[in-house]
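In: Quick one, fold the following:
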Amino acid sequence: MLLAQALTGLSREFLLSAIKLGELKAKVIGKGWRIKRSDLEAYIDKWRV
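Out: Have a look, this model is predicted:
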């Protein structure tokens with residue numbers, strides 16, 4: 001999650017909200033969330049103008 005935050009500039013809360021709404025694919029592994037880079041890029045591309 002920290003890398004996703006650094007790459008996007010989005011807050012942890014915003015990313016978690018997107019995950020819970022089903023807009024961003026992620027998995028819980030251990031105690032943390034894991035997001036594939038390709039899924040993160042697809043989510044970001046969805047919002048580009």
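
In: Please enumerate the strands of the chain.
Out: 27-29, 32-34 (DSSP state E).

In: List the strands paired with the first one, with their directions.
Out: Here strand 27-29 is paired, per DSSP bridges, with strand 32-34 (antiparallel).

In: for the partner strand, what is the average pLDDT?
Out: Strand 32-34 carries an average pLDDT of 96.

In: mind putting the strands of the chain in CSV, distance to Leu21 and mean neighbour count included?
Out: In short, each C-beta sits where N, CA and C put it, glycine included. What follows is those, written out as CSV (distance: least, CB to CB, whole Å; neighbours: other CB atoms under 10 Å):
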stretch, distance to Leu21, mean neighbour count
strand 27-29, 16, 9
strand 32-34, 14, 13
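
In: among those, which is nearest Leu10?
Out: Leu10 lies closest to strand 32-34 among the strands of the chain, at 13.1 Å (CB to CB).

In: so what's Gly32 closest to, chain neighbours aside?
Out: Spatial nearest neighbour of Gly32, excluding adjacent residues (CB to CB, 6 or more residues apart in numbering): Met1 at 6.2 Å.
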